[in-house]
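Enquirer: Curious how this folds, go ahead:
(one chain, ligands or ions: 2)
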Amino acid sequence: MGLRETVISYAEKQAAVYQQIALDIHAHPEVSNYEFFACKTLSDQMVREGFQVQVDVAGHRTAFTAAYRSAKPGPVLVYLAEYDALAGLGHGCGHNLFGAGSCLAASALKQVMDEVGGEVRVYGTPGEEGGENGSSKGSFVREGFLKDVDAALCAHPGSGPHTLSDTCIACAPVDIEFWGRAAHAAGAPEKGINALDGLILTYNGINALRQHLTSDVRIHGIIVNGGDAPNTVPEYAKAKFYIRAATAPRLEEVYQKVERIVQGAALMTGAKGRMQPYQNRVENMVLTRSFDALFAREMAALGEAVEEPKPGPKGSSDVGNISQVVPTIQPNLSISPEKLAGHSEDFKAAACSAYGLRFVPLAAKSLALTGLDLILEPDTLARIKADHKAAVAAQNDE
Ligand SMILES: [Zn+2]
Ligand SMILES: [Zn+2]
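Expert: Ligands and ions are numbered 1, 2, ... in the order given. Sure thing, here's the model as predicted:
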């Protein structure tokens, strides 16, 4: 059997095992950074596949790495796995399939690693949806897990046609807090300093800023603490905001403007104001077109059509953080013939449907074969790395 056939037949042979894992994770949804069941299920499976596995890495209890190194030298390829669910909804983003597909891709590629050389890894990256402790891929980057990596691959469940990697916008999650002084709101209001006023002025200041922002910018937030009792001047108030923009430099510019609004509101009220990140900043996705073209070639070889992503509003994903440091692809592979809203009951149902489960072997085969190409074609890998470098540099010129 040739190398490609070995990879394909292993992915097909093992598909049912990984589809069952995807179903089990779907039935046990866990929110960001609490994915204990999913992390154990996937990492145990990687142990059975003969990978060196470490759980609780990069400062996230539910993160893991799995690695298989060939005796022969060659590139280091990473398959990114996500497996968190949405609070209150469950697997409405299909990360049960995402994690299973990436693990099967790595396992399929492992079958030929001794022959072709290099190293294949899975990075189990919890918390993509944010929540407590935030998304983990920024932590993997910060702690040096990408330093020796040549390329990263993953696929996200989508609906409608399969599509190539899309841009994601950068996002800074921040806490905005004000500290004032409590006083009786009727008896001695002049003695109080109203922290809530500081927050409301900030909220309105951000609304005034909106009309002078470029259309890629999104700023949205909630007040999580607005005081304790109406008859006491609030001494503390807190909001959570996401500040998003198409690129890191644009985000930094807007970030500083919002910081000045906080300072202005503090000046107006006499309260102390502070804005600070409460978790990893999510970076925008850097597209490496030649890498996506290689993936499209493999999809075509598998008899699958894949389209360019449609223009329109974008979300954020911490795959962007990885894409800032190594060439990365994250195509969308369809789990429903009809177009579905993301983060919905419909999407959740598709993520455990017979149609949706086809994601697992398709992601595994297409991503493993793309990885195999990177190992077998050093010139292609070198060109992809050069293209990536240029794309990273170009985003700062916008
Ligand atoms: Zn999502
Ligand atoms: Zn997602």
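Enquirer: Would you mind writing the CA trace of stretch 93-106 as PDB?
Expert: Provided in PDB are the C-alpha atoms of stretch 93-106 (Å, rounded to 0.1, in the frame of the first residue of the first chain):
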ATOM      1  CA  CYS A  93     -20.300  25.100  17.700                       C
ATOM      2  CA  GLY A  94     -19.600  21.500  16.900                       C
ATOM      3  CA  HIS A  95     -16.300  21.300  18.800                       C
ATOM      4  CA  ASN A  96     -17.100  17.600  19.600                       C
ATOM      5  CA  LEU A  97     -16.400  16.900  15.900                       C
ATOM      6  CA  PHE A  98     -13.500  19.400  15.800                       C
ATOM      7  CA  GLY A  99     -11.500  17.500  18.500                       C
ATOM      8  CA  ALA A 100     -12.300  14.000  17.200                       C
ATOM      9  CA  GLY A 101     -11.400  15.000  13.600                       C
ATOM     10  CA  SER A 102      -8.000  16.500  14.500                       C
ATOM     11  CA  CYS A 103      -7.100  13.500  16.700                       C
ATOM     12  CA  LEU A 104      -8.000  11.100  13.900                       C
ATOM     13  CA  ALA A 105      -6.000  13.100  11.400                       C
ATOM     14  CA  ALA A 106      -2.900  12.900  13.600                       C
END
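Enquirer: Residue ranges in the stretch 51-200 of the chain under the pLDDT threshold?
Expert: Of all residues in the stretch 51-200 of the chain, none has pLDDT under 70.
Enquirer: Do a quick rundown of the helices in it.
Expert: 95-116, 137-142, 195-210 (DSSP state H, counting those that start in this stretch).
Enquirer: mind checking which of the ones you listed is nearest residue 325?
Expert: Proximity to residue 325, assessed across these by Cβ to Cβ, is greatest for helix 137-142 (5.7 Å). Quick note: C-beta positions are derived from backbone N, CA and C, even for glycine.
Enquirer: Just the buried positions in the closest one, please.
Expert: 137, 138, 139, 140, 141 (16 or more other Cβ atoms under 10 Å).
Enquirer: Now do that helix: which elements does it pack against?
Expert: strand 60-69, helix 319-323 (3 or more Cβ pairs under 8 Å, 6 or more residues apart in numbering; DSSP states H and E).
Enquirer: which residues touch the longest one?
Expert: Residues outside strand 60-69 that contact it (Cβ atoms under 8 Å, 6 or more residues apart in numbering) are 30, 33-36, 38-39, 42-43, 46-47, 49-57, 103, 106, 110, 113, 118-127, 133, 136, 139-140, 145.
Enquirer: circling back: okay if I get the helices of the stretch 51-200 of the chain as a markdown table plus distance to residue 303?
Expert: Output for the helices of the stretch 51-200 of the chain, formatted as a markdown table (distance: least, Cβ to Cβ, whole Å):
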| stretch | distance to residue 303 |
| --- | --- |
| helix 95-116 | 18 |
| helix 137-142 | 32 |
| helix 195-210 | 47 |
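Enquirer: To residue 265, which of the ones you listed lies closest?
Expert: Judging these by Cβ to Cβ, what sits closest to residue 265 is helix 195-210, at 3.9 Å.
Enquirer: my guess is residue 279 contacts residue 137, does it?
Expert: No. If you go by Cβ atoms under 8 Å, residue 279 and residue 137 don't touch, sitting 11.6 Å apart.
Enquirer: Including distance to residue 70, could the buried residues of helix 137-142 go into CSV?
Expert: Converted to CSV, the buried residues of helix 137-142 look like this (distance: Cβ to Cβ, whole Å):
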residue, distance to residue 70
137, 26
138, 29
139, 28
140, 23
141, 25
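Enquirer: just these now: which is nearest residue 335?
Expert: Closest approach to residue 335 among the buried residues of helix 137-142 (Cβ to Cβ): residue 137, at 22.3 Å.
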